[in-house]
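Asker: Pasting the sequence and the predicted model now:
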Amino acid sequence: MIAGRVIGRIWATKRIDQLPQGALLEVETDGGGRLVAFDPLGCGEGERVVISQGSTAAGYFEDIKAQVDALIIGSIDEN
Amino acid sequence: MIAGRVIGRIWATKRIDQLPQGALLEVETDGGGRLVAFDPLGCGEGERVVISQGSTAAGYFEDIKAQVDALIIGSIDEN
Amino acid sequence: MIAGRVIGRIWATKRIDQLPQGALLEVETDGGGRLVAFDPLGCGEGERVVISQGSTAAGYFEDIKAQVDALIIGSIDEN
Amino acid sequence: MIAGRVIGRIWATKRIDQLPQGALLEVETDGGGRLVAFDPLGCGEGERVVISQGSTAAGYFEDIKAQVDALIIGSIDEN
Amino acid sequence: MIAGRVIGRIWATKRIDQLPQGALLEVETDGGGRLVAFDPLGCGEGERVVISQGSTAAGYFEDIKAQVDALIIGSIDEN
């Protein structure tokens, strides 16, 4: 997995049907990379998250074959 | 997923049979990388897109086993 | 696989159900990258480890479909 | 996919049995990376090619389980 | 695939059971990256090798589900 911080949200009205409804968040990863991840947890801007990638992320969607290759799997406790 | 901007289109007359007909777009990803992605949405040069990669992208093609590992899944709303 | 050194542990109280209980360790990989890996071996901070990634890592979990794409598979002998 | 230019060919007499006979070409990818890709198209040095990677590439081989994770899927038209 | 040069061997006494017995070699890849790859060919330090990665590499192991995501598939002829 990779850790990073949510820096924004994107909307894509023009999209393939297989893209599930839900938030697509932009994340700056530790090290300075950029990803767009599907968010099933309701994370907000500035929140630190853990992201799983690849077919492992796609496996989260049970009954559909979703073209999602990056998934927020947890929000990192900060305190 | 990864976000980027379409910077051109490539043609490959000499190709394997398993490569589906359709546009292959060159995309400059956020961070400066370069990808070639299959485009089922009819995107044009300069458009911002979201790309899914790996076997997840290949799963988009239902009845064929396509050797496509990068797929444009949405066009990012800009306004 | 990739080698690296454990530099910390993260906690994520807010998480998807498919994330197995167990330690999530932050690892600095050789070359300076950062990963978060699931640790089934009880490794500690400062320990050198080997990490497997992708669907291969997820395959470690036998009866569940875990969204884990990085797994510590060994602790490197240092002496 | 990723685009690049063929810069050479490698031979590996000592190899695993699962590696199919055929050309293994060295490719410099756009951005300056280096890959070794299986070439089913008969490409030559200096030719611009498109490469598919990962399990998607391995799926090209129908009756065998080939340990090939990079495949030239097309030669880019240049004119 | 990716080419590189063997720069050492690692031992991991504390390891998961699914890691097959065999050499784990450290490889410096062309471009300067670092990988740890399973070696079924008996390669030595300084030898140039080709490495396959991901689930494709794991598929080499026929009867077991091995958490191996990098496999030396050939030794590059140098002369």
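Answerer: Perfect, thanks for sending it. Numbering: from 1, shown residues only, chains lettered A, B, ... in the order given.
Asker: Can you tell me which helices and strands the helix or strand containing A:Ile7 packs against?
Answerer: Counting by DSSP states H and E, the element that carries A:Ile7 is strand A:2-10. Judged by 3 or more Cβ pairs under 8 Å, 6 or more residues apart in numbering or on different chains; DSSP states H and E, strand A:2-10 is in contact with strand A:23-29, strand A:34-39, strand A:48-53, strand C:34-39. For glycine as for every other residue, the C-beta is placed from the backbone atoms N, C-alpha and C.
Asker: can you list contacts of that strand?
Answerer: With Cβ atoms under 8 Å, 6 or more residues apart in numbering or on different chains as the contact definition, strand A:2-10 has outside contacts at A:23-30, A:33, A:35-36, A:43-51, A:53, A:76, B:3, B:50, B:76-77, C:10, C:26, C:34-36.
Asker: Pick out the residue of chain A closest to chain E.
Answerer: A:Ser55 (8.0 Å; Cβ to the nearest Cβ).
Asker: Return the helix or strand in chain A with minimum mean pLDDT.
Answerer: When the helices and strands of chain A are compared on mean pLDDT, DSSP states H and E, helix A:55-58 comes out lowest with a mean of 94.
Asker: Next, the angle strand C:34-39 makes with the helix or strand just after it.
Answerer: Next in sequence after helix A:55-58, counting helices and strands by DSSP H and E, comes strand A:70-75. For strand A:70-75 against strand C:34-39, the angle by axes from the mean of the first three to the mean of the last three Cα atoms, to 10 degrees is 70 degrees.
Asker: Output strand A:70-75 as CSV, nothing but the C-alphas.
Answerer: Backbone C-alpha positions of strand A:70-75 (Å, rounded to 0.1, in the frame of the first residue of the first chain) are rendered in CSV as follows:
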residue,chain,number,x,y,z
ALA,A,70,-6.7,2.5,-6.6
LEU,A,71,-8.8,2.3,-3.5
ILE,A,72,-8.6,4.1,-0.2
ILE,A,73,-8.6,1.3,2.4
GLY,A,74,-8.1,3.3,5.5
SER,A,75,-7.7,6.7,7.1
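Asker: Which parts of it count as buried, going by neighbours?
Answerer: Under the neighbour-count criterion of 16 or more other Cβ atoms under 10 Å in any protein chain shown, strand A:70-75 has A:Ala70, A:Leu71, A:Ile72, A:Ile73, A:Gly74, A:Ser75 buried.
Asker: and the residue minimising distance to the centre of chain A, what does it touch?
Answerer: Taking Cα atoms, centre = their mean, the centroid of chain A lies closest to A:Ala37, which sits 2.0 Å from it. By Cβ under 8 Å, 6+ apart, the contact list for A:Ala37 reads A:Leu24, A:Leu25, A:Val27, A:Val49, A:Ile51, A:Ala70, A:Leu71, A:Ile72, B:Met1.
Asker: Closest to chain C out of the buried residues of strand A:70-75?
Answerer: Using Cβ to the nearest Cβ, the buried residues of strand A:70-75 come closest to chain C at A:Gly74, 3.1 Å.
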